[in-house]
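1. Build me a structure from this.
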Amino acid sequence: MYGSTILATFLGASTVFAAPTWPLLHPGLTNTVGHETVADYFNLLAQKIDIAKLSKSIPKCDISKAKIPTLAANPLPTPDSGLVVKHVAIGRGTQNYTCDASKPTEAPTANGAVATLFDASCIAAAYPDLLHMLPKLALQFDLPYSPLSDDNSKKMGPTELIVSGKHFFTNSTTPFFNLDTKRKQIGEAPCSKLNATAAPADAPKGRKGEIAVPWLRLAANPDATGGLHQVFRVETAGGSSPATCEGQPAAFTVEYAAEYWFYGST
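-> Residues are numbered from 1 along each chain as shown. Below you'll find the model as predicted:
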């Protein structure tokens, strides 16, 4: 059942993509990065579907089999002993920044982020190579709604991944993840940053060439629910600010996408 559900999700993606009303490929990327990224994704997807048709075994949605990606250089610390993967999501939204107009040579100040989280747990378990393409893929498509929308029926273009939560900041230093929806209650986690490391040099850039934001390891605060203990942001795409505030407004956003891995107690 789970295997057929995974394949149905992938097969549904081509149907969604064929409909020109949603999602929309960002016009500025249509002839370069956008087309190449979408083509690479659907070529790999087609290979998976062909293999599945010939295989006698059905891939299982066993999240315990999912393995978080690591960096060859300056890797993040691994999840604490005893923790297990509880959920994997693709986050798609914006990194937010502010600037002081009187100090144009200074670097913008980070002012949190907002993102919609899309359930990618089954893909992480069965098709990690497809999973790692999703942040770059997601960045090529406009999101036709606010990341903080309560409408959980939306899908992540051009896939059939459904909303599994929201990410935002409750103050300047506290990233918050709400994984409780009408479909499933996984938990909520206000977090504190433990570690950060630069994304790989070849990580996907943003729509205007912005480099990928760092990979992060976060600790869930004691008031987290659902047994959530740690959150990792990896496989980032875009999101970094320009080097200085020259020519920037007082507040601005930079679009990004990333994988979020949630770890907790059994």
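2. to the chain's geometric centre, what's the distance from the helix ranked longest in the chain?
-> The single longest helix within the chain, with elements called by DSSP state H, is helix 33-54. Remark: helix 33-54 is offset 19 Å from the chain centroid, using C-alpha atoms, centre = their mean, to the nearest Å.
3. Okay, buried residues for it please.
-> For helix 33-54, a neighbour-count test (16 or more other C-beta atoms under 10 Å) marks 33-34, 37-38, 41-42, 45, 48, 52 as buried. Where you see a C-beta, it was placed from the backbone N, CA and C, and this is true even at glycine.
4. again with stretch 201-214
-> Buried residues in stretch 201-214, counted by 16+ other C-beta under 10 Å: 203-207, 210-214.
5. Where is pLDDT lowest across those?
-> pLDDT is lowest at residue 207 among the buried residues of stretch 201-214; the value there is 86.
6. right, and it touches residue 139 too?
-> Yes - with contacts counted by C-beta atoms under 8 Å, residue 207 reaches residue 139, the gap being 6.9 Å.
7. what touches both of the two?
-> Here residue 207 and residue 139 have 238, 255 as joint contacts, going by C-beta atoms under 8 Å, 6 or more residues apart in numbering.
8. Can you give me the distance of residue 233 to residue 70?
-> 13 Å (C-beta to C-beta, to the nearest Å).
9. Next: residue 132.
-> Counting by C-beta to C-beta, the gap from residue 132 to residue 70 is 12 Å.
10. Those two: which has the busier surroundings?
-> residue 132 (15 against 10; other C-beta atoms under 10 Å).
11. contacting residues around that one?
-> 69, 235, 259.
12. show me where the chain has helices.
-> Using DSSP H, helices in the chain cover 2-18, 33-54, 121-126, 128-131, 134-139.
13. could you say what helices and strands the third one packs with?
-> Counting contacts by 3 or more C-beta pairs under 8 Å, 6 or more residues apart in numbering; DSSP states H and E, helix 121-126 is packed against helix 2-18, strand 84-98, helix 128-131.
14. May I have the strands that pair with the second one, each with its orientation?
-> Okay, so that is strand 84-98. Paired strands of strand 84-98, with direction, are strand 109-119 (antiparallel), strand 251-264 (antiparallel) (DSSP bridges).
15. Can you point out the buried residues in that strand?
-> Neighbour count says strand 84-98 has 85-97 buried, by 16+ other C-beta under 10 Å.
16. where are the low-confidence patches of the stretch 151-266 of the chain?
-> Of all residues in the stretch 151-266 of the chain, none has pLDDT under 70.
17. if you set the cut-off to 90 instead, what comes out?
-> Scanning the stretch 151-266 of the chain for pLDDT under 90 picks out the ranges 151-160, 207-208, 266.
18. One more: the stretch 1-150 of the chain?
-> Judged by pLDDT under 90, the stretches of the stretch 1-150 of the chain that qualify are 1-61, 72, 141-150.
19. do that again at 50, thanks
-> Filtered on pLDDT under 50, the stretch 1-150 of the chain yields the residue ranges 1-5, 10-22, 30.
20. Distance-wise, check the residue located most distally from the centre of the chain relative to residue 236.
-> Distance from the centre of the chain peaks at residue 102, with 34.6 Å (C-alpha atoms, centre = their mean). Distance, residue 102 to residue 236, using C-beta to C-beta: 31 Å.
21. Please report how far residue 260 lies from residue 180.
-> Taking C-beta to C-beta, one finds residue 260 at 15 Å from residue 180.
22. Of these two, which one has the most company?
-> residue 260 (25 against 16).
23. what sits opposite that one in the beta ladder?
-> Here residue 260, judged by DSSP bridges, has bridge partners residue 89, residue 233.
24. Settle this for me: it is touching residue 167, isn't it.
-> Yes - the criterion here is C-beta under 8 Å, and residue 260 meets it with residue 167 at 7.3 Å.
25. Need the overlap of contacts for the two.
-> 91, 117, 177.
26. Looking at those residues, spot the one nearest residue 246.
-> For the shared contacts of residue 260 and residue 167, the residue nearest residue 246 by C-beta to C-beta is residue 91; the value is 28.9 Å.
27. so who does residue 149 touch?
-> Applying C-beta under 8 Å, 6+ apart to residue 149 gives the contacts residue 116.
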